[in-house]
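1. sharing a model prediction with you, sequence too.
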Amino acid sequence: MTESCEEVYSSLLRSFKGDLLRPGASGYEDARLVWNGMFDRRPGLIARCADVSDVQIAARVASQAGVLTAIRCGGHSLAGFSTCDSGLVIDLSKMRQVTVDPEAMRARFAGGCLLGSVDTATQKAGLVFPSGVVSHTGAAGLILGGGTGWLTRRFGLSCDNVEGFTLVAADSSIVRANAKENADLFWALRGGGGNFGVVTEFEVKLHPLTAVVLAEGLTPESNICALLGFWREFMAEAPLDLKWNINLRLAPHTENVPIEMRGRPVASSSLVWTGEPDVGRKYLEHALSMCRPDTVNSGTVSFLNLQTMADSDFPHGQRYYTKSGYFTRLDDSSIDRMLEAVVTIPSLETMVELAYLGGAAAQVVAKETAFGDRSAPFVMTLLANWKEASGDDAHISWVRGVFKKLQPAMKPGVYVNFMSDDEQDRVPEAYQERWDRMVEVKSHYDPNNFFRLNQNVQPKKP
Ligand SMILES: Cc1cc2nc3c(=O)[nH]c(=O)nc-3n(C[C@H](O)[C@H](O)[C@H](O)COP(=O)(O)OP(=O)(O)OC[C@H]3O[C@@H](n4cnc5c(N)ncnc54)[C@H](O)[C@@H]3O)c2cc1C
């Protein structure tokens, strides 16, 4: 432990109620791990907070001692921001309380909640909070960056459904942000990531929903081009109730995949219909007509099943690297570039993920929140996923190479939660015309950049 972490530890010992884990302590080795195995770091101290006053004291002591500090909710930062070497981790994993008010269709939840904690509690009242697609993701990191998922087209981004935040600021004071109090901070927290403080509570709107229709199917290599051409036109006219994501990948060697498709490039479609099942049938059938019939599955699933079905595809501790961007229009040559990329994919778990946003997310006026682009509906994410460090070069260079070829056709902009740790130069691009306002708010609430392990907005120099 460094000298300054030793100082933080000694100061916290007096009043900290949660766990203080130093290297060598029981539980430290597990507690230091984050989801992305690329970031095998050893913090000097992990302060696992029991409550808000623990967060306040940890932030105060660390900022006074000038100790590098990471904030951790679910530990799913693709860029590894929720850990560090030798510094402090403020770990919120003990703070997972959720309170639902079914009549008001509102919930409050603590800053350490996973998506699964929120879904389980809200579903007891037959309600949903629109969030992401893997239940072990942290809610705080996801919402603060924006938050996209199966319900984005129907109910908007996660951050669009937040009515209030409570946070511990860099000076350790408690600040509330909503439409009436600290409106600038409220604006910045909806898309601005962890730049402004530790959010200890979210107040959110909920919506009634307990089940959806889920349809899935595979399209073989020879038809992928036609499928993507069809998808781009179809989604432009599709109802808000329909979300259709397509992953371009090599088909897995599993029983449900026809033998001749295994290991070959395929487009894997997942469609979710959130409205009346009878109304959705014609849209789903039309979309699935582009899939090979013997690979098609469709049926009603509970919302909780939907939210956990991808959990095992993204295990903790594997190595991940990503790059992402927006297309206003997906032109034929970009589709060709993507198909060329799939042929050279370095592993079965690596993929080109395509999502079409629009819908309720696009109906929010761009300047209302800090969140990046809402106007370009096509989001492409290159997500490499592999096991051994010996595969780092092949996977990282595949992502970089494909991205470089596609970038000229993209619209400038990027979703901060789908960025890697080597993209700090793209942060202004993520906020574009909102950048100057972000810098103003950052300079006011965190003038010394205490919260800097994030897609960082640097404050103005004094
Ligand atoms: C398997 C997987 C699936 C995903 N699926 C989706 C998806 O469907 N939709 C989507 O939009 N994104 C998705 N993402 C991206 C996800 O939104 C980001 O990785 C997000 O940062 C994860 O949040 P976390 O709390 O787990 O992260 P952490 O690693 O804990 O933190 C990430 C960042 O948020 C900050 N932070 C965390 N908690 C707080 C807090 N309480 N107050 C202030 N700052 C805080 C940290 O400082 C850090 O900078 C996914 C990521 C993974 C790994």
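-> Cool, the structure landed. Numbers count the residues shown, from 1 in each chain.

2. report all helices and strands that the helix or strand hosting residue 321 contacts.
-> Following DSSP states H and E, one finds residue 321 within strand 319-327. If you count contacts as 3 or more CB pairs under 8 Å, 6 or more residues apart in numbering; DSSP states H and E, strand 319-327 packs onto strand 378-386, helix 392-406. Quick note: C-beta positions are derived from backbone N, CA and C, even for glycine.

3. ok, which of these comes nearest residue 110?
-> strand 378-386 (28.6 Å; CB to CB).

4. elements contacting the closest one?
-> Using 3+ CB pairs under 8 Å, 6+ apart as the contact test, the elements touching strand 378-386 are strand 319-327, strand 351-356, helix 392-406.

5. now residue 369: how far from the ligand?
-> Distance, residue 369 to the ligand, by CB to the nearest ligand atom, to the nearest Å: 14 Å.

6. identify the residues contacting that residue.
-> By CB atoms under 8 Å, 6 or more residues apart in numbering, residue 369 lies in contact with 159-160, 187, 190-191.

7. just give me the longest helix of this structure.
-> Longest helix of the chain, by residue count under DSSP state H: helix 221-237.

8. coming back round to it: near the ligand too, which of the contacts of residue 369?
-> Checked against the ligand using CB under 6 Å from any ligand atom, the contacts of residue 369 give no members in range.

9. buried residues of the strand or helix carrying residue 305, list them for me.
-> Under the criterion of DSSP H and E, residue 305 resides in helix 303-308. For helix 303-308, burial by neighbour count (16 or more other CB atoms under 10 Å) applies to 303-304, 306-308.

10. can you redo the residues you listed as CSV with pLDDT and distance to the ligand?
-> Output for these, formatted as CSV (pLDDT from 0 to 100; distance: CB to the nearest ligand atom, whole Å):
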residue, pLDDT, distance to the ligand
303, 98, 14
304, 98, 15
306, 98, 12
307, 98, 10
308, 98, 12
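
11. out of the helices and strands packed on strand 378-386, which gets nearest to the ligand?
-> The ligand lies closest to strand 319-327 among these, at 7.0 Å (CB to the nearest ligand atom).

12. what's next to the closest one, contact-wise?
-> With CB under 8 Å, 6+ apart as the test, strand 319-327 has contacts from 35-38, 78, 314, 334, 373, 376, 378-389, 391-392, 395-396, 399-400, 403, 406-407, 409-411, 413-415, 418-420, 423.

13. strand 351-356 and that strand, what's the angle between them?
-> 40 degrees (axes from the mean of the first three to the mean of the last three CA atoms, to 10 degrees).

14. could I get the average pLDDT for the strand holding residue 321?
-> Strand 319-327 shows a mean pLDDT of 98.

15. that strand: what's the following helix or strand?
-> Strand 319-327 is succeeded, C-terminally, by helix 332-343 (DSSP H and E).

16. tell me the angle of that following helix relative to strand 378-386?
-> 10 degrees.

17. ok now helix 332-343, how far from the chain's centre?
-> Counting by CA atoms, centre = their mean, to the nearest Å, helix 332-343 is centred 25 Å from the centre of its parent chain.

18. what packs against that helix?
-> On a contact count with 3+ CB pairs under 8 Å, 6+ apart, helix 332-343 meets helix 221-237, strand 242-250, strand 265-273, strand 351-356, helix 392-406.

19. what does the last one contact?
-> Outside of helix 392-406, the residues within contact range by CB under 8 Å, 6+ apart are 38, 319, 321-323, 325, 334, 337-338, 341, 344-347, 350, 352, 380, 382, 384, 386.

20. export that helix as PDB, just CAs?
-> Extracted in PDB, the C-alpha atoms of helix 392-406 (Å, rounded to 0.1, in the frame of the first residue of the first chain):
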ATOM      1  CA  ASP A 392      -4.700  -9.700 -27.100                       C
ATOM      2  CA  ASP A 393      -2.900  -8.500 -30.300                       C
ATOM      3  CA  ALA A 394      -5.100 -10.400 -32.700                       C
ATOM      4  CA  HIS A 395      -8.300  -9.200 -31.200                       C
ATOM      5  CA  ILE A 396      -7.400  -5.600 -30.500                       C
ATOM      6  CA  SER A 397      -5.900  -5.200 -34.000                       C
ATOM      7  CA  TRP A 398      -9.000  -6.700 -35.600                       C
ATOM      8  CA  VAL A 399     -11.300  -4.200 -33.800                       C
ATOM      9  CA  ARG A 400      -9.000  -1.200 -34.600                       C
ATOM     10  CA  GLY A 401      -8.600  -2.300 -38.300                       C
ATOM     11  CA  VAL A 402     -12.300  -2.800 -38.900                       C
ATOM     12  CA  PHE A 403     -13.200   0.500 -37.100                       C
ATOM     13  CA  LYS A 404     -10.600   2.400 -39.200                       C
ATOM     14  CA  LYS A 405     -12.200   1.100 -42.400                       C
ATOM     15  CA  LEU A 406     -15.800   1.900 -41.300                       C
END
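
21. just the buried positions in that helix, please.
-> Within helix 392-406, the residues that count as buried by 16+ other CB under 10 Å are 395-396, 398-400, 402-403, 406.

22. picking up where we left off before, could you check the longest helix of the chain and say which residues are buried?
-> Buried, per 16+ other CB under 10 Å, within helix 221-237: 221, 223-225, 227-228, 230-232, 234-235.

23. tell me how this structure divides into domains.
-> Here the domain parsing of the chain from automatic domain parsing is 3-91, 98-208+433-445, 211-424.

24. for the ones you listed, which one ends up most surrounded?
-> domain 98-208+433-445 (a mean of 21; mean count of other CB atoms under 10 Å).

25. pLDDT averaged over it - what is it?
-> Here the average pLDDT along domain 98-208+433-445 is 98.

26. could you work out the end-to-end span of it for me?
-> End-to-end span of domain 98-208+433-445 (CA to CA, to the nearest Å): 27 Å.

27. again with stretch 386-399
-> For stretch 386-399, the end-to-end distance is 13 Å (CA to CA).

28. about what we covered before: for the helices and strands packed on strand 319-327, give me a markdown table that also has distance to the ligand and mean pLDDT.
-> Output for those, formatted as a markdown table (distance: least, CB to the nearest ligand atom, whole Å; pLDDT from 0 to 100):
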| stretch | distance to the ligand | mean pLDDT |
| --- | --- | --- |
| strand 378-386 | 9 | 98 |
| helix 392-406 | 15 | 98 |
